[in-house]
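>>> A predicted structure for the sequence below; I have some questions about it.
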Amino acid sequence: MQHKTIIEPFRIKVVEPIRMSTPEEREQSLRTASFNPFLLHSSEVIIDLLTDSGTSAMSAEQWAGIMRGDESYAGASSWFRLEKVIQDLTGCDYILPTHQGRAAEHLLYTRLGGEGKVFFSNTLFDTTRANIEYSGATGVDLPIPENADTQLYHPFKGNLDVDRLREEIENWGAEKVAAVVLTITNNSGGGQPVSLENAKAVATVCKQYGVMFLLDACRVAENAYFIQHREPGQEHRTYREIAQELFGLADGAIMSAKKDGLVNMGGFLALRDLDLAQACRTVLIITEGYSTYGGLSGRDMEAIATGLEEVFDPDYLHYRIRSTAYLGERLTAMGIPLLQPPGGHAVYIDAKMLYPHIPVDQYPGQALVCELYRLGGIRSCEIGSVMFGKYDAGGKLIPARMELVRLAIPRRVYTQSHMDYVIETFGEILEQADRVRGYRIDWEPPFLRHFTARFSPV
Ligand code: F0G
């Protein structure tokens, strides 16, 4: 049977114009932004692949929910609807709404963390690591070794190395371990999925040592898609059932609803332990808002409740994962080195392989990010030594494990021809690769430097 094109499973009801810019305008914008695309105005961008977070297009049903939102301070009907949707999905009794994922991280990790404590993960996302380190605790990433080889195919490259987890718990002593955080999908490790088998093995180790096991679940539906398609024995289950089983393994979860919640703002913390939930809820009320809205409007809660249902639609998930793969496959065919296989929400280009002549302390990823903007008005995000680099006592850069550039695909926003334009721009990137130079950092803040650092060309 001949395969037909997998089309966007929606019609477009509202449009937002894109302003086309000239190369001269973009050169000027890039200088004004100190060669950091986070500092660009979005109106200067043609295709915005900076993040898939909070950039989804909402459905007609979600917009209808926006009108239905109950804005009562306490006990809003929108809250009870959201609470039930999250309880059904996670199996957790205690749900704390927050304005986004990192607010939930802050509530939980300041409580669990502190000096002398350690968190283990397949890979901590940058805000997660920052919240852990801000509390005084240490974050240790334990991805499987296959994750480091960008060219190697592995169906579940997001997995956590369970043998190393056991060793590290023994080394540190279980009482020092604040929690094990499984990030699904593994965003900073390439948007790669975690297998159900791996999640179960992690849960078993955590039980054995009496250590708390948490999911960072912001892309759980995409992870469930990969499990259904790649893990033997899972092919007859629904995506939602798989997600429920993943949640069921953990003591709690944090979810930024800005990803698989299909909304522009929102998040939550889900817990099974009453005492811990109560402690976090006290801080929630002080810092975010009352316990039946957190940092959210009633209308936001309606949209999240609907988004968490829509995201498990098989047509949606199939389109979603296949359209990311389409971009990855076309770029691979052209000879662009990327992390294989493409992730769920993003394609990650290996900038060190693309620009072997640029040393890591001149940030090859930042160079690619700037070139994509120059040549195509495309905004992307460095996930390498700008984001994760540290300095040794002598001020020398300790580079990140990989020098990646992420092309994150907003959900339900761009069409196939937008992606074809991105692919064409990569044709020009490849032709001009030899002449591209690196960057130096002129200014940086102490935490999360990639957001606001200022650069100049070397
Ligand atoms: N965990 C993961 C795995 C994430 O990818 C993010 C956000 C968060 C936690 C924090 O959630 O933004 O709602 O506070 N990731 C975005 C990104 C910012 O671009 O990947 P948040």
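The structure has been received and is ready for your questions.
>>> Of all the residues in this structure, which one is nearest the ligand?
residue 101 (2.6 Å; C-beta to the nearest ligand atom). From N, CA and C alone the C-beta is placed, and that goes for glycine too.
>>> Who does the strand or helix carrying residue 119 pair with, and is each partner parallel or antiparallel?
If you go by DSSP states H and E, residue 119 is part of strand 118-121. Applying DSSP bridges, strand 118-121 is found paired with strand 138-141 (parallel), strand 177-183 (parallel).
>>> Out of those, indicate the one that is most buried.
strand 177-183 (a mean of 26; mean count of other C-beta atoms under 10 Å).
>>> right, and residue 389 touches residue 400 too?
Yes - counting by C-beta atoms under 8 Å, residue 389 touches residue 400, with 5.6 Å between them.
>>> end to end, how far does stretch 446-456 reach?
19 Å (C-alpha to C-alpha, to the nearest Å).
>>> So for it, what gets flagged as buried?
Going by neighbour count (16 or more other C-beta atoms under 10 Å), the buried part of stretch 446-456 is 449-450, 453, 455.
>>> pretty sure residue 95 contacts residue 81?
No - the criterion here is C-beta under 8 Å, and residue 95 misses it with residue 81 at 11.7 Å.
>>> which one of the two has more residues nearby?
Taking neighbours as other C-beta atoms under 10 Å, residue 95 and residue 81 compare with residue 95 leading, 22 against 19.
>>> what about the more buried one, which SS state?
Recorded secondary structure, residue 95: strand (DSSP: H, G, I helix; E, B strand; the rest coil).
>>> and it, bridged to which residues?
Going by DSSP bridges, residue 95 forms beta bridges with residue 270.
>>> From here on, call the first residue 677.
Got it, first residue is 677 now, which makes that one residue 771.
>>> Residue 899: helix or strand, and which one exactly?
helix 896-906.
>>> got a list of what the spatially most central residue of the chain touches?
The residue lying closest to the centre of the chain (C-alpha atoms, centre = their mean) is residue 863, at 4.4 Å. For residue 863, the contacting residues are 799, 801, 894-895, 1021-1022, by C-beta atoms under 8 Å, 6 or more residues apart in numbering.
>>> what are the ranges of the helices in the stretch 877-1026 of the chain?
Secondary structure of the stretch 877-1026 of the chain by DSSP state H, counting those that start in this stretch: the helices cover 896-906, 915-925, 950-963, 974-986, 990-1010.
>>> okay, those helices in CSV with mean pLDDT, mean neighbour count and distance to the ligand next?
Below are the helices of the stretch 877-1026 of the chain laid out as CSV (pLDDT from 0 to 100; neighbours: other C-beta atoms under 10 Å; distance: least, C-beta to the nearest ligand atom, whole Å):
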stretch, mean pLDDT, mean neighbour count, distance to the ligand
helix 896-906, 98, 25, 10
helix 915-925, 98, 20, 14
helix 950-963, 97, 16, 14
helix 974-986, 98, 25, 12
helix 990-1010, 97, 18, 14
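>>> May I see those organised as JSON lines, with distance to residue 696 added?
JSON lines is the format used below for the helices of the stretch 877-1026 of the chain (distance: least, C-beta to C-beta, whole Å):
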{"stretch": "helix 896-906", "distance to residue 696": "31"}
{"stretch": "helix 915-925", "distance to residue 696": "38"}
{"stretch": "helix 950-963", "distance to residue 696": "42"}
{"stretch": "helix 974-986", "distance to residue 696": "31"}
{"stretch": "helix 990-1010", "distance to residue 696": "21"}
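>>> near the ligand, which residues of the stretch 677-826 of the chain show up?
Residues of the stretch 677-826 of the chain found near the ligand (C-beta under 6 Å from any ligand atom) are 727, 729, 776-778, 801, 803-804.
>>> Would you mind giving me the confidence score for residue 1127?
Listed pLDDT for residue 1127 reads 91.
>>> OK, contacts around the nearest residue to it once chain neighbours are set aside?
Spatially, and ignoring its direct neighbours in sequence, residue 1127 is nearest to residue 714 (5.2 Å; C-beta to C-beta, 6 or more residues apart in numbering). By C-beta under 8 Å, 6+ apart, the residues touching residue 714 are 726, 1126-1128.
>>> okay, and the common contacts of residue 771 and residue 757?
Common neighbours of residue 771 and residue 757 (C-beta under 8 Å, 6+ apart) do not exist.
>>> What's the local residue count around residue 1068?
As a burial measure, residue 1068 scores 8 neighbours (other C-beta under 10 Å).
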